[in-house]
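Colleague: Next comes the sequence, and after it the predicted model I'd like to discuss.
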Amino acid sequence: MSDFAAVADLVVVYVAEAHPTDGWATSVGMSMDIRQHRCLEERLAAAEMLALHDIPCPVLVDTMDNAAARAYAAMPDRLYIVLDGVCVYKGWPGPFGYYPEGVHDWLQKFSG
């Protein structure tokens, strides 16, 4: 995605934990013990853990009322392109609909 730094600001928005160890947890691929966030400080701490994994863009954090997750139907994960305040690309819900190539293709067409 660094190919598009001149045409797009990429961010990750960390929302409610999809697989908290005290909720709907899965043992597949789980390398961290993250409980469901009870306060913003816990969500911020979990987002900081994510940022340690060389995420190539800023990691933003959703509010505790999950405003971003609700507005964008972002659970458990989803890709969007917002241009001038308008959603121009909406990926399918992850994990099975998580398709970064769709974002790449859209940005490539947009940037010429």
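Modeller: On my side now, so go ahead. Numbering: from 1, shown residues only.
Colleague: Below-threshold pLDDT in the protein: ranges please.
Modeller: Within the chain, the ranges that satisfy pLDDT under 70 run 1, 23-32.
Colleague: ok, which stretches of it are strands?
Modeller: Under the criterion DSSP state E, the chain carries strands at the ranges 12-14, 59-61, 80-83, 86-90.
Colleague: Now render the ones you listed as a markdown table, adding mean neighbour count and distance to Arg38.
Modeller: To be clear about C-beta, it is placed using only N, CA and C from the backbone, and glycine gets the same treatment. Listed next are those as a markdown table, based on neighbours: other CB atoms under 10 Å; distance: least, CB to CB, whole Å:
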| stretch | mean neighbour count | distance to Arg38 |
| --- | --- | --- |
| strand 12-14 | 18 | 15 |
| strand 59-61 | 16 | 14 |
| strand 80-83 | 14 | 27 |
| strand 86-90 | 12 | 30 |
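Colleague: ranges for the helices of the protein?
Modeller: Along the chain, counting by DSSP state H, helices occupy 40-51, 67-72, 100-111.
Colleague: Include distance to Tyr89 when you put the ones you listed into CSV, please.
Modeller: Output for the helices of the chain, formatted as CSV (distance: least, CB to CB, whole Å):
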stretch, distance to Tyr89
helix 40-51, 23
helix 67-72, 12
helix 100-111, 5
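Colleague: wait, which of the ones you listed is closest to Gly85?
Modeller: helix 67-72 (12.4 Å; CB to CB).
Colleague: Give me the contacts around the closest one.
Modeller: Val13, Val15, Ala16, Asp62, Ala74, Met75, Arg78, Tyr80, Cys87 (CB atoms under 8 Å, 6 or more residues apart in numbering).
Colleague: Among those residues, which one lies nearest to Asp105?
Modeller: Among the contacts of helix 67-72, and counting by CB to CB, the member closest to Asp105 is Tyr80, at 14.4 Å.
Colleague: so who does the closest one touch?
Modeller: When the contact criterion is CB under 8 Å, 6+ apart, the partners of Tyr80 are Tyr72, Cys87, Tyr89, Lys90, Gly91.
Colleague: likewise Gly91?
Modeller: Taking CB under 8 Å, 6+ apart, we find Gly91 in contact with Arg78, Leu79, Tyr80, Gly97, Tyr98, Tyr99, Gly102, Val103.
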